[in-house]
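Trainee: Turn this into a model:
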Amino acid sequence: MATAPYAFFDLDVLRTSRLSPGFARVTLGGGQIAAVGHAGRDQRVKLFVPQPGHRTIAVPRDQGADWWTAWQRMHPAERASMRTYTVRELRRDAGELDIDFALHPHPGPAAEWATTVRPGDPATILGPTQDENAGIGFHPPAGTDAVLLAGDASALPAIAGILAWLPPGTRATVLVETADAADRQHLPTHADADITWLTHADTRPGTDDSPLLAALRSTPLPGSAPYAWVAGEAGCVRALRRHLVRERGIDRRHITFTGYWRRHASEDTLMQEAIAAAA
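Mentor: Here you go, the predicted structure:
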């Protein structure tokens, strides 16, 4: 009998830490951690946290591939809150999985949970059961000789995971925008990486360019056949992709772009839009 590609994993909070003004880390563990698939890079999982005042994480564990429909049918006040996050690091030998949370002035339920949760509290993820899986977006095509990574704070955990995965000597140009210079992190890598850190204050007067787009316009692309991975706020990501295709001539098939969030819209709103579009 074939193993389902995804499964619910019930885990426990082992510890929490505040990495910087804009980031918190929650380390999860438990007996099921060894079965979580993970091949590095930008591995996505669904994180489920209990409703305020509850300890039980209500998810449709027995629905298999129909979990999404079953979750929608659950009462919003009872079902667990769901958000998508990147696995910052999985240490199977230690039985630990890190998730980093970018914090905002008006945090959603998962980010708020990350700043108040305590060791021993429960958490559930919907994650892959195989290492190579559809939750990984970073796939350089054959012939790639260099990598461009660009993203805002929401993409920093994924950028860190990609840099840790890149083979030794890989040429990489990296642009990262955070709200505060104090949010800069050490990003271990064996790649030959040129990392540029930006903040919101780097917006150029008299232009509508985001700091990321302004920096990209003036940054030479690495290699002769680069692969670009771009993630963050949806509107900014679209602008970066347009620039790469129209002004830099990169083949669309050599760009992976993901809108992790959209200005003035919560993930609940985005999910409802997706449901309406599917209907």
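Trainee: these two touch, right, Asp12 and Leu28?
Mentor: Yes - using C-beta atoms under 8 Å, Asp12 is in contact with Leu28, at 6.8 Å. Quick note: C-beta positions are derived from backbone N, CA and C, even for glycine.
Trainee: more crowded one of the two?
Mentor: Neighbours were counted for Asp12 and for Leu28 using other C-beta atoms under 10 Å; Leu28 has more, 27 against 16.
Trainee: Quick check: closest non-adjacent residue to the more buried one.
Mentor: The shortest distance from Leu28 to any non-neighbouring residue, by C-beta to C-beta, 6 or more residues apart in numbering, is to Leu11 (4.2 Å).
Trainee: Double-check the one you found against Ala34; I have them as touching.
Mentor: No - checked against C-beta under 8 Å, the pair Leu11 and Ala34 is beyond contact range at 11.4 Å.
Trainee: Who has more neighbours out of these two?
Mentor: Here Leu11 and Ala34 are compared on neighbour count by other C-beta under 10 Å; more neighbours surround Leu11, at 24 against 11.
Trainee: which residues does the more buried one bridge with?
Mentor: Ala123 (DSSP bridges).
Trainee: which SSE is the residue nearest the centre of the chain in?
Mentor: Centroid-nearest residue in the chain: Thr86, 3.7 Å away (criterion: C-alpha atoms, centre = their mean). Here Thr86 sits within strand 81-91, counting by DSSP states H and E.
Trainee: Report the mean per-residue pLDDT for the next helix or strand after that strand.
Mentor: Where DSSP H and E defines the elements, the next helix or strand beyond strand 81-91 is strand 96-102. Per-residue pLDDT over strand 96-102 has a mean of 97.
Trainee: tell me the angle of strand 96-102 relative to strand 81-91?
Mentor: Using axes from the mean of the first three to the mean of the last three C-alpha atoms, to 10 degrees, the direction of strand 96-102 lies 130 degrees away from that of strand 81-91.
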